[in-house]
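Chemist: Structure of the sequence below:
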Amino acid sequence: MAETHVLFVEDDDVIREATQLALERVGFTVTAMPDGLSGLEAFRADRPDIALLDVMVPGLDGVSLCRRIRDESTVPVIMLSARADSIDVVLGLEAGADDYVTKPFDGAVLVARIRAVLRRFGHAAGPDGPGRGGAEEEAGAFGGVLVFGDLEVDTDGMEVRRAGEQVALTPTEMRLLLEFSSAPGTVLSRDKLLERVWDYGWGGDTRVVDVHVQRLRTKIGQDRIDTVRGFGYKLRG
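Modeler: Next up is the predicted model:
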């Protein structure tokens, strides 16, 4: 089985080299770049399986790089930010990132988050062998075409249409919609969504959920997903 190819964009030489070694030690293939422009070139040339982007890199910052990547691909993106309470986190998620990790980070934590994201996308989760299947595998439990007003969710073909027009979703957005579609009208808490969609076996930042819900709303209709204040979200049946 081919090794997972990671694109890592980080301008700090020490962090870049140490992280590259840590990832390669557990079996990943790593292309490490010091700035956003070279990172974009490497992405286009190598088409990696996942991208790790530091927010503050020269030339083309990580958020802008994430937007450029998202314009061309649904490859998973993890943002790296030095400040957990920074607006950088939200900006990165709004740009299309699937998750983020706060610096300084433990190498084992970063590897775990990478593997969790890869499992969600249906990739092998690194040298330990295949991860749990992504949305394509889990969709079988839902089966068929689900209809919610003008919204159609084809869980076999992994396609979504709104008023007959196909809607382009990232794999994370698709998994989120599948969770809502499996229980329309049922309130799903942010913690439950973190566990089911992001594969968090521990508490995570609920901003990840909130931003992805908002991104999903812009694509399937703002009134399709209700906020239940203090509890979570539900899909209108």
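
Chemist: From now on I want contacts and neighbour counts done on CA atoms only, so please keep to that.
Modeler: Noted.

Chemist: what separates Ala168 from Glu10, distance-wise?
Modeler: To Glu10, Ala168 is 30 Å away according to CA to CA, to the nearest Å.

Chemist: out of those two, which sits in the busier spot?
Modeler: Between Ala168 and Glu10, counted using other CA atoms under 10 Å, the more crowded position is Glu10 (26 against 14).

Chemist: Give the phi and psi angles for the more buried one, as a check.
Modeler: As for Glu10, its main-chain torsions (degrees, to the nearest 10) stand at phi -150, psi 130.

Chemist: Not counting its neighbours along the chain, what's nearest the residue most central in space within the chain?
Modeler: Per CA atoms, centre = their mean, the C-alpha nearest to the average position across the chain is that of Asp98, at 2.1 Å. Residue nearest to Asp98 in three dimensions, not counting chain neighbours: Val77, with 5.5 Å by CA to CA, 6 or more residues apart in numbering.

Chemist: Look at the one you found and say how many residues are nearby.
Modeler: Residue crowding around Val77 was assessed by other CA under 10 Å; the count is 24.

Chemist: got it, and Ala163?
Modeler: Other residues near Ala163 come to 11 when the count uses other CA under 10 Å.

Chemist: Can you list the buried residues in the helix or strand containing Ile69?
Modeler: Mapping Ile69 onto the secondary structure by DSSP states H and E places it in helix 62-72. For helix 62-72, burial by neighbour count (16 or more other CA atoms under 10 Å) applies to Gly62, Val63, Leu65, Cys66, Arg67, Ile69, Arg70.

Chemist: what's the closest of these to Arg229?
Modeler: Comparing these against Arg229 with CA to CA places Val63 closest, at 29.5 Å.

Chemist: where does the closest one land on pLDDT?
Modeler: According to the per-residue confidence, Val63 scores 94 in pLDDT.

Chemist: who's in contact with the closest residue to it other than its chain neighbours?
Modeler: Leaving aside its chain neighbours, Val63 sits nearest to Gly92 (5.2 Å; criterion: CA to CA, 6+ apart). Taking CA atoms under 8 Å, 6 or more residues apart in numbering, we find Gly92 in contact with Val55, Gly62, Val63, Cys66, Met79.

Chemist: wait, doesn't the residue nearest to Asp98 sit right on Asp99?
Modeler: Yes. When contacts are counted by CA atoms under 8 Å, Val77 is listed as touching Asp99 (6.9 Å).

Chemist: all helices of the chain, in order?
Modeler: Using DSSP state H, the helices found in the chain span residues 13-25, 36-46, 62-72, 87-94, 107-120, 135-138, 171-182, 190-197, 207-220.

Chemist: mind checking which of those helices is nearest Asp150?
Modeler: Among these, if distance is taken as CA to CA, the winner is helix 207-220, at 9.1 Å.

Chemist: CA atoms only: put stretch 10-28 into PDB for me.
Modeler: Taking C-alpha atoms only, stretch 10-28 is exported to PDB below (Å, rounded to 0.1, in the frame of the first residue of the first chain):
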ATOM      1  CA  GLU A  10       5.900  26.000   7.900                       C
ATOM      2  CA  ASP A  11       8.400  28.900   7.800                       C
ATOM      3  CA  ASP A  12      10.100  28.100  11.100                       C
ATOM      4  CA  ASP A  13      13.100  25.900  10.200                       C
ATOM      5  CA  VAL A  14      13.300  24.100  13.500                       C
ATOM      6  CA  ILE A  15       9.600  23.200  13.600                       C
ATOM      7  CA  ARG A  16       9.500  22.300  10.000                       C
ATOM      8  CA  GLU A  17      12.500  19.900  10.200                       C
ATOM      9  CA  ALA A  18      11.500  18.400  13.500                       C
ATOM     10  CA  THR A  19       7.900  17.800  12.400                       C
ATOM     11  CA  GLN A  20       9.000  16.300   9.100                       C
ATOM     12  CA  LEU A  21      11.200  13.900  10.900                       C
ATOM     13  CA  ALA A  22       8.500  12.900  13.300                       C
ATOM     14  CA  LEU A  23       6.000  12.300  10.500                       C
ATOM     15  CA  GLU A  24       8.500  10.300   8.400                       C
ATOM     16  CA  ARG A  25       9.400   8.300  11.500                       C
ATOM     17  CA  VAL A  26       5.900   6.900  11.600                       C
ATOM     18  CA  GLY A  27       5.800   6.200   7.900                       C
ATOM     19  CA  PHE A  28       4.400   9.300   6.100                       C
END
